[in-house]
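J.: Mind looking at a prediction? Sequence and model below.
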Amino acid sequence: MYTPHTKADREAMLKVIGVEKVEDLFECIPSSGLFPDLGLPEGLSEMEVLSELSFISSVNETTQELTSFLGAGAYNHFIPAAVDSILRRSEFYTAYTPYQPEIAQGTLQAIFEYQSLIAALTGMDVCNASHYDGATAVAEAVNMAYHRFRERRKRIVLSPRLHPHYRATVHTYMEGMDLEIVGEDLEPDCGTEELIQLIDDNTALVMVQYPDFFGRIYDFTELGKAAHEHKALFAVHINPIALGMLKPPSEFDADIVTGEGQPLGVPLSFGGPYLGLFATKKEYVRKMAGRLAGETVDTRGQRGYVLTLNTREQHIRREQATSNICTNQGLIALASTVYLSLLGKNGLQDLAELNYHKAHYAAEQLSTVPGYHVNMEVPFFNEFVLHCPVPAAEVNDMLLPYDILGGYDLSKDYPSMTHELLVAVTEATDRSEIDYLIEVLEEESYE
Amino acid sequence: MYTPHTKADREAMLKVIGVEKVEDLFECIPSSGLFPDLGLPEGLSEMEVLSELSFISSVNETTQELTSFLGAGAYNHFIPAAVDSILRRSEFYTAYTPYQPEIAQGTLQAIFEYQSLIAALTGMDVCNASHYDGATAVAEAVNMAYHRFRERRKRIVLSPRLHPHYRATVHTYMEGMDLEIVGEDLEPDCGTEELIQLIDDNTALVMVQYPDFFGRIYDFTELGKAAHEHKALFAVHINPIALGMLKPPSEFDADIVTGEGQPLGVPLSFGGPYLGLFATKKEYVRKMAGRLAGETVDTRGQRGYVLTLNTREQHIRREQATSNICTNQGLIALASTVYLSLLGKNGLQDLAELNYHKAHYAAEQLSTVPGYHVNMEVPFFNEFVLHCPVPAAEVNDMLLPYDILGGYDLSKDYPSMTHELLVAVTEATDRSEIDYLIEVLEEESYE
Amino acid sequence: MSEPTIFELSKPQRKGVRFPRPDVPESALPEGFLRAELPLPEVSENEVVRHFTRISQFNHAVDIGFYPLGSCTMKYNPKINEETARLPGFSQLHPLQPEVTVQGALGLMYETQKWLEAISGLDAISLQPAAGAHGELTGVLIIRAYHRSRGDNQRVKMLVPDSAHGTNPASSAMSGMEMVELPSDERGNVDLEALKTECDETLAGLMITNPNTLGLFDENIEEASRLVHEAGGLVYGDGANLNALLGICRPAENGIDVMHFNLHKTFSTPHGGGGPGSGPVGVVEKLKPFLPAPMVAITKEGDQDTPPLYGFVTPEQTIGRVKAFHGHFGMVVRAFTYMLSLGENGLRDVAMTAVLNANYLQALVKDTYHIPYERLCMHEFVAEGAWDDAPEVRALDVSKRIIDFGFHPPTNYFPLIVPEALMIEPTETETKETLDRFAETLIQIAKEAREQPELLKEAPHEAPFGRLDEVKAAKDLILKTELPEDYGK
Amino acid sequence: MSEPTIFELSKPQRKGVRFPRPDVPESALPEGFLRAELPLPEVSENEVVRHFTRISQFNHAVDIGFYPLGSCTMKYNPKINEETARLPGFSQLHPLQPEVTVQGALGLMYETQKWLEAISGLDAISLQPAAGAHGELTGVLIIRAYHRSRGDNQRVKMLVPDSAHGTNPASSAMSGMEMVELPSDERGNVDLEALKTECDETLAGLMITNPNTLGLFDENIEEASRLVHEAGGLVYGDGANLNALLGICRPAENGIDVMHFNLHKTFSTPHGGGGPGSGPVGVVEKLKPFLPAPMVAITKEGDQDTPPLYGFVTPEQTIGRVKAFHGHFGMVVRAFTYMLSLGENGLRDVAMTAVLNANYLQALVKDTYHIPYERLCMHEFVAEGAWDDAPEVRALDVSKRIIDFGFHPPTNYFPLIVPEALMIEPTETETKETLDRFAETLIQIAKEAREQPELLKEAPHEAPFGRLDEVKAAKDLILKTELPEDYGK
Ligand SMILES: Cc1ncc(COP(=O)(O)O)c(C=O)c1O
Ligand SMILES: Cc1ncc(COP(=O)(O)O)c(C=O)c1O
C-alpha cells in the first residue's frame, strides 16, 4: 500500500543483492512457519477505511453529545484551535527523539520551553521531558525516592486520596522491590495528621495529591515539614489547571512534583495518550529519570539546545539506570507547551477561576436537591464528592437515559463510599447543563 | 481580540506619533458619523464561538448523513487525507500571491505544477493559475474570444447543455458587450448538427460541455471543425474526473478548455470556494487572462519560477486589460495539484471508471423501476437524466423523508423537462445507497 | 535548494492513493471515447507529501513573520476559523440541497449579510462575488443596470482616480463602461476640480477607494459624492481598505452607494497563496433590486417557538448570476467566525490598532524615507524607496534587501502616482517590537543604499533563492513541465 | 537562525486565548491557598503560532526526507491515520464512560488485539503499555509473576544479549530481576554455549530481540528458546524489529512467550518528536492470567441480530495496572487504521519491501563500509563508520556530514558490540532513487574521510545549526529559561 517499488525497481534491486526473488532474503528463517496464512482480511482503500472507522466512531457517544460530569483524572477542557494546528506540523510529529541536535532544534527548543513552563507553573527547579502519564510519573517518583536512599529505605507513605489508578501503578512498578506501602488504608476522609503519623526514618517518600482525588485543597506545609524531619522526600501530584490559581507545591517545600498534563490541551481520547509531568529540585536532577534538554551554543555561536545528562539514562547506564524510559510523550508535551503559551499568565488564571466558580455553583445547586449533599467545608477546585440518597451506581444508571454522565462512582475504589459520586465541572460545562442535571435529579427524587 | 498591544505600548507609540489618543488619528474623518454605534453584539471567546458555530452547522443535514444523488456541477468525491494535510500548512495558506519570488517558490512551483497537470489532463498547451469557478472560467472564455476578434465578432454559440449557471454568468459578464448569444434555446436534446448550423462568420466562439450538463458524452470533432471553418474559436468545458478515461478535448481541436475543478479534491462546502480551470493553445497565451507561472533561473543558477507575462494583467494594463482578475483560487488550485499528484495516472483512471460503472449500475437499476426510464443510447459518465412518472419535484419531495436527495430537478432550468431528474453517482455512493433508492422508488410506486 | 517537479518524481506503476474495486457489475466502456494516454505523474503518497512539504518551506507567510504587503491586509488568520469552516455540517453540504436541509448555512449567510450592513451602513449585501475584483465588476454592473432601468442609457462614463488599483479601471472596462481617469490633488485626495468638469449627463459614477491607496482618508469624499450624486451618478467604493474604518465610520454615510468587502483582507480569511478570496457587495436601498441572484432572505418569519425560514430569493431587476451557486461559502464561514469573535468593540479595536500601527511605523521612518503625501495616515502609508544620493538604488532593491532580515517586503510600484513606491501596511496584529525591528531595518537599509549599494542590488542573500530572471521567463515561456513523448502511455 | 524563547516574546498584559466570563455567580476564592505570582509568558496568538511554526522548520522529519534511523523504523506516517484518530467519536471519549456508551472504541481495541494475535501467533494481547520500554517492564513483570505463582521464587535471573537495546537490561533491573549479559557469537546470533551455562534453576528467562539489533535474524532463536524452556525459563521477545517479520513468520512459533509491539514503529503511528508511542504486550496461553488490567474482552457474545458486547475484564492473576486508564487509545486507532489499510498481503509486503530495501542498501555500501556481521540482513544493517586510513574520522563525523546532503543520519554507537556503529534502517516506504542517492552520499563521504577529513569533522555545514556544545550543556546545566525576579508578579 505505502511501498513505492515498481516491478522493474524490484528486479534491479534483487540483481544488486544477488538473489533471485525477495523470498530468498528470508532463507535464514526456519522454514516451518515461513509465510504463514494469518487469516486476516485484504487491505482496504483509504476511502473504505475512513468509512469503516467513521462508522465505528459513530457507535460511541461522546462527551460533546452527552452531558458529562466525569473527571477523576481526565478532564474535558476546551482546546484552542492553534494547539492542533501546531501539532499537525509534520516537522514536529514525524520526527523522533532529537538525537541529532543540528537538525532537531525545533523539538529541542520546544522541550526546553516545556521544561521552563512546567517549572514555572509548579515552582520547581527542573522538569524532565515527560513521562507516559500521571500514573507512571507517580510510580517514577516512588522509584526515584527508593533509589535516592540507595534502596535502603523501604517505606512509602501514600495518601488514600492519591488517584487509585496511580497507587495501583505504584504497586505494579515496585512489586519486585519489597517495599512497605502505607497510608492507602486510612479512612478516605483522613487528615494530613494521620499521614504524618505514618512517617518514620525508614520512609523514602511521602506523596499526596493537590487538589486531591476528591478535588479538595489542603495545606501541605506541615506534611512537607514532617517528611523532611525524617529526611524523607516529599512529593505532590498536581492538576496543572488548578495551579493557575493555587499556590505552587514548591511552597510546601515539595521535593518532587508530578502531574497529569492531560488538562493542558490534550483531548480525552478514551484515556490516552496523556502526559506525565515530573519536576524536582535542582539537587535531585541527576536522580531524575527521563530526557532533559539543556541550553548551549553551536559552532557558529548561536544559542541552541541538546539532550543532556544522558549518562543517567538506560542507553548509557543499562541495568544501572533507575528507569527504563526511552520513548516519552514528546508531542503531547508540545501540545501542553503551545497551550500554556497561548493562555499565558492571565488566561490560565482566568481558566482556573472559571472552573472553580462553575464547580462551586454546581455544588451549591446540588446541595439544594433533597437527599443530596456536598461538603462545602473543605475548599475544593473543580471536582467534589456528592453524597447521594441511594448508591451512586443507581444514580448514574438513572441519569444515563437522560444522556447525562453523572460522575465517577467512588465505591469502585473506596468500598465504604457506596453513595458517593465524584462530580467534575469545567469551563466546558455550560450552566445550562448543570441546571439540567439539577432538574433531572429533582424530578427523579428519591425522597 | 487579536491585537497585541499593552497599555504601555500604546502610550509609547502615540508619543512617537505625537498625538494624545488613538481617536486623534481619525480627525480627518467627517465627525458626523464618527465612532457610530453599530448595534452589534460583544465579542465571544474562542470556546463560545466554536460552540455557536458547531450548533449552527449541526442544524444542516450533510451529504454524509443523507443519501445524495445531487451533482449538476458539484460532486461528492472522496478526498484523500493528504490533501488537507498539505493545505493546512500555513506556509501555503497564510501567504499571498507570489509577488516576491525569492520567498515564494513554494507557491510558484505549486502553480507551475498545477499548470502542468491541467495541461496534461486536458491535452492543452498552457493553463493559467485559475479562475474563480467553472462559471467564471466559461465567462472568461467568452470574454477572451470576444477580444480575440477585437470585439468585431458578436455571435457566441452556446450549447443548451452547458451548465445553466454558466450560461447565466456569461450573460451577466457580457451584458455591456452587445453580443448575440445563440444556441441556448435549442431543444435540450439537440444534436451537435443543430449547433453547427448556428455558426457563421460573425461567430467568435462555439462552446460545449463534455460530459455535458446531462452527463452525456458526445464526439465534438465535427463541431470543432465547423467552428474552425468559420475561423471561430472552439471551447470545451470539462469535468476533470471524466478525463481520467475520456479523450482529452485537445482531440477535438479545442482552442480553449475550461472546467470546474471542484471534483479534484475540493469539499462541496455549499458551493464554494471551487476552482475555475482554464487552458488554451500556446498561440493564445497572450490573450488568456489570469496569472501564469513560468520557469526560469535565479542568480545562483537554481531553477525557479516567477509570475510571467504580467503585461496582460490589470495591474499593468488597467482599463486595457481583457479581464480584471486579481485574487484567484490559489489554495484550491493547490488542493487539486496535491490531489492529482496523489492519484496519478492509474488512480485517476480507476476513479473515472469506478464512477462510470456505478452510474451505469444505478441507471440500469432505475430503468427497471416501473414508470422510470433512463436513455442508455447516448454514452454518459457519472450522471444521467432519469425520466420519472410524475414531476421530478414530486419525486424529490417523496424521497426527502427517506433522507434521500434524489437529484437535480431539471425543470428549474429546462421548462420542458418537467419529469426529469439529473442523477449523479460517484465513487462515494455505495451500492447499498443505490439499492436503497431503488427500493424506496419501488415501494412508493406511482404506477 | 531547488526541488524536482512532481513529474520528475514519477516512475511508471508507482501508486499514491487507491480506490476500491467496483462493488457493482462493470459496464462496457464507451468505445471510441477512451483516451490513449494519461500523462500524469505516478508517485507514492510519501513522496507526494514530502514534495509539497519541502516546497512549502520556500515560502514566507504570515505564520512565519511580518508581512506588510500594502493594500493586502496580511493580518493574522485565526486558527479557529480554519476549524469552523471544516465542520462537516458546513463542508459537506451540496449547494443544490433543498433549503429545509441547510437552514444553518442559510442562517449563517443571512447573519453575515446583516453584520456587513451594520458595519458599512449599506442596506443590502450579496455574498456572491468571489473576490474584490469580482465584487467591483458586480458593483459596476449594478450601476449600469440602475441607469438603464431609468432609461439613462447614455450614462457610461466611470471616473477612476489615478491612484486606483488596476482592478478598478479593468472592472469598468469589462462591464462596457468608458473609463476616465481623475488626478489626485496635492493632499492625495481626489481632485474636486477635475471631478466637476466630468460631472455631466454621461456620468455613470465614480469609483473611489477610501482610505485611498496612499493610505489616506479622502478628505473630499463627502463633497465628491455630493457632486456625483447631483450629476445623477453613483459612487462605487472599493472596500479593500475597510480595515481602517471598522466601527470608525460607515462608508454609506460618506456617500458610497455600492461597495465591495474583501473578506480575505478585512475579515481575516487566509490569502491562500493567491486566493480564494471573497468579495461581497453591498448597496443602498435603491440599488437592492439589481443585486446578483440569488441572495439569502427570510422567506417565512419565525416567532417565539419556531425559527425563521431562510431561503434564496432573486431580486426583481437582478443583473443575474456572477458565478455558479452562491458565493465562497467556506470563506463566509471564516469571516463570520471572525466577526463573532470580535464583536462590535473588537472590530473597532481592529481599526484603531491598524491605524495606530501604520502611523507609528510612518513616524519612525519618515525622516529616512520620503513620504510624498505626509499626513496622519490610516491603516497604511506609501513611502519612496529611492534617494537622490543613491542613484543606483530602486525601490525593488530595498524590497529585496528587506527579505534578508526575515520580513516580507512592502508592495512595490503601487500606487502608480508615487515614484518607486513602497506601500506599507503593518495591520493590527503586529507587536510594537516587530514594528520597531522593521523600522530599524528600513533605516539600516537606507544607510546601506548610500554606503554599500551592491548589498541591495544583489539582495536577497539570505533567502532560499536569489533574484530570479524574469526576462528569461517571459522569453522562454516555459509554462509547464515538458513531458517526453511516451509519458503516460 | 535562532529564535527567542516563548518567555522572551512575552510582555505583561498581552493575551493569547481568552475564556468567557463566568455564567454562574462567583464564589469566594479559597483564601490562603492563592498563589502570589504566576510566572507564565504573555504572548499574542499570532506570535505563539509564528514562534512554533518557525522553530518547527529547524527539524528534519520523515515528511521532509529520508530518515534511516536504525531500530526506530521511521516509515511514512499515513495522513489518514491522523484523521481517524481525530474523529470526535474517538477523541471526545472519557476513559471512565459506561461501557455501553463506548462500544465502538472497545470493539476497535478488541479487534486490534485480534490482529496483533494473528500477526504474532501469541494468544492474548494487552494494549495498556505506553511504549516499548513500558511493554518490556510489563512483560518482565509477567514473567516474574508467572514463576512466583508456581512457587519458583528463586527464578530471578534474566539473560540479556550484549547486543540488546539499553531498555532491555534497564527493564529487567527495574522489575527486580538480576541481569546477566550474554555474548553474541561470530555470526551475530546469541551464543548458545554461553546460554547453556546459565540455564539453571535460577533462570527466569531470556530477553531476545529478533531480528536482533544487528538487523540479523537470530539463527539460534529456536534452539535458544528450547534451551530456556527446558530449563524452566521463559523467552521475552523485544518486538522493536517486527517490521521485518510481518506475515513472514510468527514469533510465537520461534518460541517467544511474551513480546511487546511498537505501534510507533511497525504500525506507522508517528514518533511525535520523541513520543507518544504505544507498546502492547502479547503472551502465550499460560501467561494470559498475568496480563495487566484491564483488558478488552467480549462480555456477552452477539448473534445474528445483535453485535457482541465488549467490556473491560481483569485477568485473574494480573500483575495489576501499568498506567492509568487503558493504554494509548489514540495510537491504537492509528495502528488499527493502518492494519485495515494494509490487510494480510499488505502487511507481508511491508516486511518484504523493508528487507529488500535494507539488503539493497547494504549491497551498495558494503565495499566501502565494513559490515562486521556480513550476511543477508533483515530490515536494517549495521556498518562501521571508521577506517584505518582515516584515523581522525569517527562514526559521528560521518553522521554529521550526512546531514549536509539532506538526510537524517543513521543511529550512532548502537549496538554497543560494533565499534563506531552506523545502524541503518531504510524502511519499506522509501524509493530506490532515495536509496541510490543515500548510497552515493555514503560512498562520497567515505572518500572525503580520507581526502578532506575536515569536511566531516566540521560538518554539518548546510544545517540551520552547527555542532552543539554538549559538554557546555552538561556543565552549565541550564534546563529552563531563567526568569527575572518580578516575572509574573
Ligand atoms: C485597492 C484594491 N482594490 C481591489 C483589489 C482587488 O481585490 P481582489 O484581489 O480580491 O480581486 C485589490 C487587491 O489587492 C486592492 O488592493
Ligand atoms: C530494540 C529496541 N528495543 C526497545 C526499544 C524501546 O522502545 P520505546 O522507545 O518505545 O520505549 C527501542 C527503542 O528505540 C529499541 O530500538
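T.: It's in. Ligands and ions are numbered 1, 2, ... in the order given.

J.: burial count for whichever residue of the stretch 251-400 of chain C sits closest to chain A?
T.: Per CB to the nearest CB, residue C:337 is where the stretch 251-400 of chain C lies closest to chain A, at 10.0 Å. Just so you know, the C-beta spots here come from the backbone N, C-alpha and C atoms, and that holds for glycine as well. By the criterion of other CB atoms under 10 Å in any protein chain shown, residue C:337 has 27 neighbours.

J.: got the contact list for it?
T.: B:49, B:53, C:78, C:80, C:81, C:84, C:85 (CB atoms under 8 Å, 6 or more residues apart in numbering or on different chains).

J.: Closest to chain D out of these?
T.: residue C:78 (6.9 Å).

J.: doesn't residue C:338 make contact with that closest one?
T.: Yes: with contact defined as CB atoms under 8 Å, residue C:78 reaches residue C:338; the gap is 6.4 Å.

J.: what touches both of the two?
T.: residue C:268.

J.: Format the contacts of residue C:337 as TSV; extra columns: pLDDT, distance to chain A and neighbour count.
T.: Conversion of the contacts of residue C:337 to TSV gives the following (pLDDT from 0 to 100; distance: CB to the nearest CB, whole Å; neighbours: other CB atoms under 10 Å in any protein chain shown):
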residue	pLDDT	distance to chain A	neighbour count
B:49	98	10	24
B:53	98	11	24
C:78	98	8	28
C:80	98	4	25
C:81	98	8	24
C:84	98	9	27
C:85	98	11	24
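
J.: which of those residues lies closest to residue B:209?
T.: residue C:85 (29.6 Å; CB to CB).

J.: nearest spatial neighbour of that closest one, skipping sequence neighbours?
T.: Leaving aside its chain neighbours, residue C:85 sits nearest to residue C:333 (4.5 Å; criterion: CB to CB, 6 or more residues apart in numbering or on different chains).

J.: residues contacting that neighbour?
T.: Going by CB under 8 Å, 6+ apart, residue C:333 touches B:53, C:81, C:84, C:85, C:90, C:108.

J.: what about the first one, is that helix, strand or coil?
T.: In three-state terms, and counting by DSSP: H, G, I helix; E, B strand; the rest coil, residue B:53 is helix.

J.: tell me which element the nearest residue to it once chain neighbours are set aside is part of?
T.: Leaving aside its chain neighbours, residue B:53 sits nearest to residue C:84 (4.2 Å; criterion: CB to CB, 6+ apart). Applying DSSP states H and E as the criterion places residue C:84 in helix C:79-85.

J.: Can you name the element that comes right after that helix?
T.: helix C:88-91.

J.: The residue nearest to residue B:53 contacts residue B:49, correct?
T.: Yes: using CB under 8 Å, residue C:84 is in contact with residue B:49, at 7.4 Å.

J.: which stretches of chain C form strands?
T.: Listed in chain order, the strands of chain C (DSSP state E) span C:124-126, C:157-161, C:178-182, C:203-209, C:234-239, C:258-261, C:281-283, C:295-300, C:309-313, C:381-384, C:411-412, C:421-424.

J.: Of those strands, give the one that comes closest to residue C:28.
T.: strand C:309-313 (40.8 Å).

J.: Next one: the nearest residue to residue A:250 once chain neighbours are set aside from residue C:212, what distance?
T.: Counting by CB to CB, 6+ apart, residue A:123 is the residue found nearest to residue A:250 once chain neighbours are left out, at 2.9 Å. Look at residue A:123 and residue C:212: by CB to CB, to the nearest Å, they are 55 Å apart.
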